[in-house]
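**Student:** Whatever this is, show me its structure:
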Amino acid sequence: MDLHFGDGKPTDEERAAVDALLGPPESSWEGADRTDADLRWARGGREARDRRELLLPGLHAINDRIGWISEGALGYLCRRLTVPPAEAYGVATFYAMFSVRPRPATVLHVCTDLACAAAGAPELCAGIEERLGPRGGVGVERSPCLGLCERAPAALAIRAGDPVRTAVAAPATVEGAVLAASAPDSAPEEPPASLAVPQAGQEGLMLLHRVGVVDPASLDDYRAHGGYTALRRAFALGPAGVIREVTDSGLLGRGGAAFPTGRKWQATASQPDRPHYLVCNADESEPGTFKDRVLMEGDPYALVEAMTIAGYATGAHRGYLYLRGEYPRALRRLEHAIGQARARGLLGDDVLGQGYAFDIEIRRGAGAYICGEETALFNSVEGHRGEPRSKPPFPVEKGLFGRPTTANNVETLVNVLPILTMGAPAYAAIGTEGSTGPKLFCVSGSVERPGVYEVPFGATLGEVLALAGVRDGLRAVLLGGAAGGFVRADETGIPLTFEGTREAGTTLGSGVVLAFDDGVSLPRLLLRIAEFFRDESCGQCVPCRVGTVRQEEALRRIVDRTGAGAAGDVALLRQVGRAMRDASICGLGQTAWNAVESAIDRLGAYA
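**Tutor:** Now for the predicted structure:
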């Protein structure tokens, strides 16, 4: 391993940020004063490799304290972790929330993605930039989805310092966003998570029944409303019994792939290689998706309990919760919940006195949609660029740190609690034979009551839209987010199940239901989707790296000439789309053409 350090020196503040995470340096090689430590040794071999996983937290530490990552700060972090600076630079520049160039200490991220674009985000950005001006001391960055679609348009202000301060403006006005950026401590408090759940407090809810009912900060309140009943039953059943219940329930993954959860757990549990790991994928970055945020903000202990059950069933003693960097309130809620659970013996060396050791570590993402792909997430946690791995081997065989790993998203894990409390047969009786249990849908756009809705599998698209109060003039609905597909306004009878949407030629995806009325420009909407995939492609494989650019170029030509003479570009789009779908390494490239294809074929775009 070659380590070539530049001439840049860290400031005292940058050193303090790194040392607060890693502790004081132990040798002069790591940056200690030569009078206090020995220059002749440095960590090497396995000890150095094991510290590589601290690279992403180290980058966060610097960026949070300073607002950007200088050459000197990066070099100091690399010395501490024995990581080649060129590799660390590649990691730092991979994430949208980091900057390796000087920028203001306060950055205002203004969402310009689908729901916010339809709600006036371009005009909001223009107004903010005019108000703040080029020397306003605030960096304004146009951002992909912030996961606040029910309150579109949205803005997130982040002010570097010790501690870092954040403020959300949603629904954002120019005045509200400027206030959040200029005085984050004085900005209005975010509304409770329950306001994102129009059904809050209704009887019959299984996944959302505690949101708006319990105090999300109170472990006692959580336990008073049935918390940790499922974990106690898990210990009574034993690991094999838990897996059998989950398998018999028919639970399919809720992240979009719909893989049987019980089969995944069994495959991990049966691996002889140790240790096993559990990963909760809370990096929901699909435009239009915000259900996991609402669960984490409104019922954080449920996720902690569900992760503990999953770890117990699969033989894992350590869980990693990979959380979106754009979710500061969810981070605070989960840090508090994990700390309380650990203090009360619900995490740690002896969970509930059962002799089972399990603990959870939160890892923050930093703005990379691709890290929602499980193997890209593993690379991110390990301190590498968040690029997907080729399969096989599959994560259940060689996942995080090369060990057997179970990866599930938040909604999937939280479904395990009712399975264990009510029993697999009762759970499987909900929904349809191929899609069992309840499902959360993120409804936004042209509706009166945007939010997260819980319905049994089998409800139709029209029934979900009726709950949200769809407005007049409905033109189209985007199912599954940017990686999903459009359906027409007369197709609301589609049953929202995995098999029903498949038969209808579309996808359920992560549960996005984004309604658009006649006031939305479809060509510009498709162009925004293409821009999103171009920006979020990791660039590892040629079909995706080149294809997403060609797709955006073709759509921009169509928009610029208002659709005239588009036949040649539509033919090119089909050719590029097929190449991406057939040859891309991961789901990003394979689905980047889906929404555009469905708009052309189902909505008659560019006809």
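
**Student:** going forward, measure contacts between C-alpha atoms and count neighbours the same way
**Tutor:** Noted.

**Student:** Can you report how many residues lie near Gly23?
**Tutor:** Counted with other CA atoms under 10 Å, the neighbours of Gly23 add up to 11.

**Student:** Tell me what the residue nearest to Glu374 when sequence neighbours are not counted is bridged to.
**Tutor:** Nearest non-adjacent residue to Glu374, counting by CA to CA, 6 or more residues apart in numbering: Ala407, 6.9 Å away. Going by DSSP bridges, Ala407 is paired in beta bridges with Val279.

**Student:** Number of residues surrounding Ala407?
**Tutor:** 29.

**Student:** Correct me if wrong: it contacts Asn281.
**Tutor:** Yes - the criterion here is CA atoms under 8 Å, and Ala407 meets it with Asn281 at 6.7 Å.

**Student:** what residues are shared contacts of these two?
**Tutor:** Common contact partners of Ala407 and Asn281 (CA atoms under 8 Å, 6 or more residues apart in numbering): Glu374.

**Student:** Show the contacting residues for Val351.
**Tutor:** Contact analysis of Val351 by CA under 8 Å, 6+ apart lists 345, 357-358.

**Student:** Neighbour-wise, give me the winner out of those.
**Tutor:** For the contacts of Val351, the largest number of neighbours (other CA under 10 Å) sits with Phe358, at 22 neighbours.

**Student:** So for it, what's the pLDDT?
**Tutor:** Looking at Phe358, its pLDDT reads 98.

**Student:** I'd like to know how far the closest residue to it other than its chain neighbours sits from Arg274.
**Tutor:** In space, and not counting its chain neighbours, Phe358 is closest to His317: 4.3 Å by CA to CA, 6+ apart. Note on His317: its distance to Arg274, by CA to CA, to the nearest Å, is 10 Å.

**Student:** Who has more neighbours out of those two?
**Tutor:** Comparing His317 with Arg274 by other CA under 10 Å, the one with more neighbours is His317, at 19 against 11.

**Student:** Which parts of the stretch 451-600 of the chain are helices?
**Tutor:** 461-468, 498-503, 522-536, 542-560, 567-583, 587-591, 594-602 (DSSP state H, counting those that start in this stretch).

**Student:** Relative to Val213, which of the ones you listed is closest?
**Tutor:** helix 461-468 (20.6 Å; CA to CA).

**Student:** got a list of contacts for the closest one?
**Tutor:** Contacts to helix 461-468, defined as CA under 8 Å, 6+ apart, come from residues 443, 447-451, 453, 455, 492-496.

**Student:** show me the contacts for Ala310.
**Tutor:** Residues counted as contacts of Ala310 (CA under 8 Å, 6+ apart) are 265, 278, 413.

**Student:** what ranges do the helices span in the stretch 151-300 of the chain?
**Tutor:** Taking DSSP H, counting those that start in this stretch as the test, the helices found in the stretch 151-300 of the chain are 174-182, 219-224, 229-249, 261-269, 291-298, 300-314.

**Student:** By mean pLDDT, flag the weakest helix or strand of the protein.
**Tutor:** With mean pLDDT, DSSP states H and E as the measure, the helix or strand of the chain carrying the lowest mean pLDDT is helix 45-51 (a mean of 71).

**Student:** low-scoring pLDDT stretches of the stretch 301-450 of the chain, where are they?
**Tutor:** Low-confidence segments of the stretch 301-450 of the chain (pLDDT under 70): none present.

**Student:** Same question for the stretch 451-600 of the chain.
**Tutor:** In the predicted model, the stretch 451-600 of the chain carries pLDDT under 70 at residues 562-565.

**Student:** Confirm that Pro122 lies within a helix, as I assumed.
**Tutor:** Yes - looking at Pro122 with DSSP: H, G, I helix; E, B strand; the rest coil, it is inside a helix.

**Student:** list the contacts for the residue nearest to Glu374?
**Tutor:** Applying CA under 8 Å, 6+ apart, we find Ala407 in contact with 278-281, 374, 395.

**Student:** rerun at 10 Å
**Tutor:** Contacts of Ala407 were listed using CA atoms under 10 Å, 6 or more residues apart in numbering, and they are 253, 261, 264-265, 268, 277-281, 310, 319-321, 374-375, 377-378, 395-396, 399-400, 413.

**Student:** For Ser317, what is the enclosing helix or strand?
**Tutor:** Not quite, residue 317 is His, not Ser. In the assignment (DSSP states H and E), His317 maps to strand 316-323.

**Student:** Between helix 261-269 and that strand, find me the angle.
**Tutor:** Here the directions of strand 316-323 and helix 261-269 differ by 130 degrees (axes from the mean of the first three to the mean of the last three CA atoms, to 10 degrees).

**Student:** Which residue ranges of the stretch 251-400 of the chain form strands?
**Tutor:** Shown for the stretch 251-400 of the chain, the strands assigned by DSSP state E, counting those that start in this stretch span residues 276-282, 316-323, 359-364.

**Student:** Just tell me which of these ends up closest to Val304.
**Tutor:** Of all the strands of the stretch 251-400 of the chain, it is strand 359-364 that lies closest to Val304, at 8.0 Å by CA to CA.

**Student:** what's the burial count for Ala466?
**Tutor:** Burial of Ala466 is recorded as 14 neighbouring residues (other CA under 10 Å).

**Student:** sorry, that was for Glu503
**Tutor:** Glu503 - counted by other CA under 10 Å - has 12 other residues nearby.

**Student:** show me the contacts for it.
**Tutor:** Counted by CA under 10 Å, 6+ apart, Glu503 has contacts 494-495, 497.

**Student:** redo that, cut-off 6 Å
**Tutor:** Under the criterion of CA atoms under 6 Å, 6 or more residues apart in numbering, Glu503 has no neighbours.

**Student:** residue ranges for the strands of the stretch 101-250 of the chain, please.
**Tutor:** For the stretch 101-250 of the chain, applying DSSP E, counting those that start in this stretch gives strands covering 106-111, 138-143, 155-159, 165-169.

**Student:** need these in a markdown table with mean neighbour count, mean pLDDT and distance to Gly587, can you?
**Tutor:** Shown next, in a markdown table, are the strands of the stretch 101-250 of the chain (neighbours: other CA atoms under 10 Å; pLDDT from 0 to 100; distance: least, CA to CA, whole Å):
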| stretch | mean neighbour count | mean pLDDT | distance to Gly587 |
| --- | --- | --- | --- |
| strand 106-111 | 25 | 97 | 23 |
| strand 138-143 | 19 | 94 | 22 |
| strand 155-159 | 27 | 97 | 28 |
| strand 165-169 | 25 | 97 | 31 |
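
**Student:** quick one, phi/psi of the closest residue to Gly353 other than its chain neighbours?
**Tutor:** Leaving aside its sequence neighbours, Gly353 sits nearest to Gly345 (CA to CA, 6+ apart; 7.7 Å). Main-chain dihedrals, Gly345, degrees, to the nearest 10: phi 80, psi 20.

**Student:** before we move on, the earlier item: from the contacts of helix 461-468, pick the one nearest Arg332.
**Tutor:** Sorting the contacts of helix 461-468 by how near they are to Arg332, with CA to CA, puts Gly451 at the top with 21.7 Å.

**Student:** Can you get me a residue count around that closest one?
**Tutor:** Neighbours of Gly451 (other CA under 10 Å): 25.

**Student:** in the sheet, who's paired with it?
**Tutor:** With DSSP bridges applied, Gly451 shows beta-bridge pairing to Val443.

**Student:** For it, give me its contacts.
**Tutor:** 150, 196-197, 442-443 are the contacts of Gly451 under CA under 6 Å, 6+ apart.
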